[in-house]
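Novice: Would you be able to build a 3D model of this:
(one chain, ligands or ions: 2)
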Amino acid sequence: MSKKIYDVSQKILSKNDIKANELRKKYKDLDLYVINMMSSPGSGKTTLLENFAINDYFKFAVIEGDLETNRDADRLIKRGINAYQITTGDACHLEASMIESAYDTLYSNGKLDDVDFLFIENVGNLVCPASYDLGSNINIVLLSTPEGDDKILKYPTMFMIADIILITKSDIMEYFDFSIENIKSHINKVNPKSKLFIINSKDKNTIKELANYLIWCKDNKITSNHNY
Ligand SMILES: Nc1nc2c(ncn2[C@@H]2O[C@H](COP(=O)(O)OP(=O)(O)OP(=O)(O)O)[C@@H](O)[C@H]2O)c(=O)[nH]1
Ligand SMILES: [Mg+2]
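Specialist: Residues are numbered from 1 along each chain as shown. Ligands and ions are numbered 1, 2, ... in the order given. Got it, this is the predicted structure:
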């Protein structure tokens, strides 16, 4: 008896890609600049968004992704940011269909009015989110110094789809033998076109420099075209 083998992963990805293209159109219609933030759990994604809010560099909304709890959205709502929490249960990444319903809710509640940026904080995970296009203009991948300076080489797929690589928690770098020279050499091997920023939440200037670059990206309509 002959067996038919279906490539299921290919089918799921294609469905996601179609939805991601629909999202891209929606973002464009509202002139929203959308940034997908990805990293391991605890690298500093929400802290960075809190800092953008505290310093009021630009107007933004956030779609949060976590397995459980509304904690991250609540942190941002406390700072006056329109944030919508998706809880994925046991899914280790966000998919375009999840973003679509979050986006539609934010939109129909007027939470995207007068907003220039939409940040999507993906589920903390250095592997799965890299396979799912969410229609974003650009991707930011964060790596905090306690995680170690070998992660770009060990998890290259994630760093390959990064437009911006953020080394976070630079204030505690010295305690972890974390070498920026190693990072630069690994970026050169994996994704030399990406832009590197070294930031920490205690140094406002590092956050401001990044915020200004994001404004420049939006003004210049920088949009990446990655292979997911
Ligand atoms: N020292 C130091 N700690 C930081 C910095 N940024 C974030 N943290 C701390 O790191 C911890 C995790 O930060 P979060 O912003 O919650 O990290 P996250 O990436 O949003 O985490 P998940 O949403 O769970 O994936 C918190 O205790 C922060 O206070 C930094 O620049 N320096
Ligand atoms: Mg978070």
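Novice: switch to C-alpha atoms for all contacts and neighbour counts from now on
Specialist: Will do.
Novice: Tell me where this structure has helices.
Specialist: 8-29, 45-55, 71-78, 96-108, 151-154, 156-160, 180-190, 204-219 (DSSP state H).
Novice: So which of the ones you listed is nearest ligand 1?
Specialist: Among the helices of the chain, the nearest to ligand 1 by Cα to the nearest ligand atom is helix 45-55 (3.6 Å).
Novice: which helices and strands sit right next to that closest one?
Specialist: Helix 45-55 is packed against helix 71-78, helix 204-219, with contacts defined by 3 or more Cα pairs under 8 Å, 6 or more residues apart in numbering; DSSP states H and E.
Novice: In the protein, which residue is most central in space?
Specialist: The residue lying closest to the centre of the chain (Cα atoms, centre = their mean) is M37, at 1.0 Å.
Novice: ok, what's across the strand from that one?
Specialist: E121, I140 (DSSP bridges).
Novice: Around ligand 1, which positions in the chain sit nearby?
Specialist: 40-47, 124, 168-169, 171-172, 200-201 (Cα under 6 Å from any ligand atom).
Novice: before we move on, back to that, which of the helices and strands packed on helix 45-55 sits most buried?
Specialist: Highest mean neighbour count of the helices and strands packed on helix 45-55: helix 71-78, a mean of 18 (counted as mean count of other Cα atoms under 10 Å).
Novice: Pull out the CA atoms of that one and give them to me as PDB.
Specialist: What follows is helix 71-78, C-alpha atoms only, in PDB (Å, rounded to 0.1, in the frame of the first residue of the first chain):
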ATOM      1  CA  ARG A  71       1.200  40.900  34.000                       C
ATOM      2  CA  ASP A  72       3.100  42.500  31.100                       C
ATOM      3  CA  ALA A  73       0.100  44.300  29.700                       C
ATOM      4  CA  ASP A  74      -0.800  45.500  33.200                       C
ATOM      5  CA  ARG A  75       2.700  46.900  33.600                       C
ATOM      6  CA  LEU A  76       2.300  49.000  30.500                       C
ATOM      7  CA  ILE A  77      -1.300  50.100  31.100                       C
ATOM      8  CA  LYS A  78       0.000  51.400  34.400                       C
END
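Novice: And the average pLDDT for it is what?
Specialist: When pLDDT is averaged along helix 71-78, the result is 98.
Novice: quick one, that helix and helix 45-55 angle?
Specialist: 0 degrees (axes from the mean of the first three to the mean of the last three Cα atoms, to 10 degrees).
Novice: Show me what helix 71-78 is packed against.
Specialist: Using 3+ Cα pairs under 8 Å, 6+ apart, helix 71-78 is in contact with helix 45-55, strand 60-66, strand 82-87.
Novice: which residues touch that helix?
Specialist: T46, L49, E50, A53, V62, I63, E64, N82, A83, Y84, Q85 (Cα atoms under 8 Å, 6 or more residues apart in numbering).
Novice: ok, and what's touching stretch 153-169?
Specialist: 43-44, 126-127, 129-130, 138-146, 152, 186, 190-191, 193-201, 224, 226-228.
Novice: All good on my end, thank you.
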